[in-house]
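Undergrad: quick one, fold the following:
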Amino acid sequence: MPETVFWDTAAFIALGNADDELHTAAVTVSSQLAQAGARILTTDAVLTEVANTFSKAAWRSVARHLIESVKESAAMQMATIVHVDIALWQRGWELFLARSDKDWGLTDCFSFVVMQDHGVTRAFTSDHHFEQAGFERLLMAE
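TA: Numbers count the residues shown, from 1 in each chain. Predicted coordinates for the structure are as follows:
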């Protein structure tokens, strides 16, 4: 069974912006994951952050391409987009409150809960908060 990897906002941003310092590394990791047949796991909260990042008119096509690609992968059952419902929101909020010693955002907390729920240990992200939460980060500066 192919591995499932959580895709975070940082990976989508690095992939979508050729000027991002991690763009080349993100393309490499994305290609490696695709070759391995890895499944994508993400949340609609992450996709919201992606759309917000690329919300300026000049960048909207990037947001559309990235999000539509994930939606197409989900339609082919190669990706899962977890929707933040009331229960997940509450669990993420409780983690957010419980870890006041960390600078974790609420979307990060949703991500951590989803990763735990799905038994996923690796994240396509450059965000060190994932390592703080006990996960493996796949995207780092070369």
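
Undergrad: for residue 82, give me phi and psi.
TA: When read as degrees, to the nearest 10, the backbone of residue 82 gives phi -80, psi 130.

Undergrad: OK, contacts around it?
TA: Applying CB atoms under 8 Å, 6 or more residues apart in numbering to residue 82 gives the contacts 41-44, 88, 114. Every residue, glycine included, has its C-beta placed from N, CA and C.

Undergrad: just the buried residues out of those residues, in ChimeraX syntax.
TA: ChimeraX command restricting the contacts of residue 82 to the buried ones, with burial defined by 16 or more other CB atoms under 10 Å:
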select :41,42,43,88,114
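
Undergrad: could you list which of the contacts of residue 82 belong to strands?
TA: 41-43 (DSSP state E).

Undergrad: looking at these, spot the one nearest residue 27.
TA: residue 42 (17.8 Å; CB to CB).

Undergrad: as JSON lines, the ones in strands among the contacts of residue 82 with distance to residue 6 would be great.
TA: Formatted as JSON lines, the ones in strands among the contacts of residue 82 follow (distance: CB to CB, whole Å):
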{"residue": "41", "distance to residue 6": "5"}
{"residue": "42", "distance to residue 6": "7"}
{"residue": "43", "distance to residue 6": "9"}
